[in-house]
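Enquirer: Just need the structure, nothing else, for what follows:
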Amino acid sequence: MSNPDPMIQGVLDEAARSPRIALFDMDGSLADFDGAMRKSLESLRSPLEPDLPVNLWDLEREPHIRERMRLIKSVPGWWRSLEPILNGMAIVNVAREIGYSINVLTKGPSKHSIGWAEK
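Expert: The predicted model follows:
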């Protein structure tokens, strides 16, 4: 096997010395936002309303549904009670075990300061 180009080897050596950082998205990867939102919306659905679509974000076009979602996200404890996604948490644990520094990324709710605190 030939020796790698010195420039490439320098980049590889630097990468080996750099800290290992893993970035994970919270909602939908580590916490079941969609499941909790679906359950909450279902509890507010009128018997005359159609079933919820598979893609909840299609509903945001409807002003009354967008308002329901806003109200749901402002309920104290709602964010904190999101169920963990077990496969996502398992991947976080493996990444931690093999030496990665774990960073969780999430978009905070702009109109719900309680959401930031609970996330």
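Enquirer: which parts of stretch 41-50 are buried?
Expert: residue 41 (16 or more other Cβ atoms under 10 Å). For glycine as for every other residue, the C-beta is placed from the backbone atoms N, C-alpha and C.
Enquirer: CA atoms only: put it into CSV for me.
Expert: Extracted C-alpha coordinates of stretch 41-50, given in CSV (Å, rounded to 0.1, in the frame of the first residue of the first chain):
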residue,chain,number,x,y,z
LEU,A,41,-54.7,17.2,18.7
GLU,A,42,-56.8,14.0,18.7
SER,A,43,-58.1,14.9,22.2
LEU,A,44,-59.3,18.2,20.9
ARG,A,45,-60.8,16.9,17.6
SER,A,46,-64.5,17.3,17.1
PRO,A,47,-66.4,14.1,16.2
LEU,A,48,-67.3,15.8,12.9
GLU,A,49,-63.7,16.6,12.0
PRO,A,50,-61.8,14.3,9.7
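Enquirer: Now tell me which helix or strand of this structure has the poorest mean pLDDT.
Expert: Least confident helix or strand, the chain: helix 113-118 with a mean of 67, by mean pLDDT, DSSP states H and E.
Enquirer: pLDDT score for residue 20?
Expert: You'll see residue 20 listed with a pLDDT of 88.
Enquirer: so where do the helices sit in this protein?
Expert: For the chain, helices defined by DSSP state H occupy the ranges 6-17, 33-44, 63-73, 86-97, 113-118.
Enquirer: Would you convert those into a markdown table that also reports distance to residue 103?
Expert: Output for those, formatted as a markdown table (distance: least, Cβ to Cβ, whole Å):
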| stretch | distance to residue 103 |
| --- | --- |
| helix 6-17 | 18 |
| helix 33-44 | 18 |
| helix 63-73 | 23 |
| helix 86-97 | 10 |
| helix 113-118 | 16 |
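Enquirer: Between those helices, which one is closest to residue 23.
Expert: helix 86-97 (10.0 Å; Cβ to Cβ).
Enquirer: The closest one: how far from the chain's middle?
Expert: Centroid separation for helix 86-97 versus its chain: 14 Å, with Cα atoms, centre = their mean, to the nearest Å.
Enquirer: tell me the contacts of residue 88?
Expert: Residues near residue 88 by Cβ atoms under 8 Å, 6 or more residues apart in numbering: 24, 29, 30.
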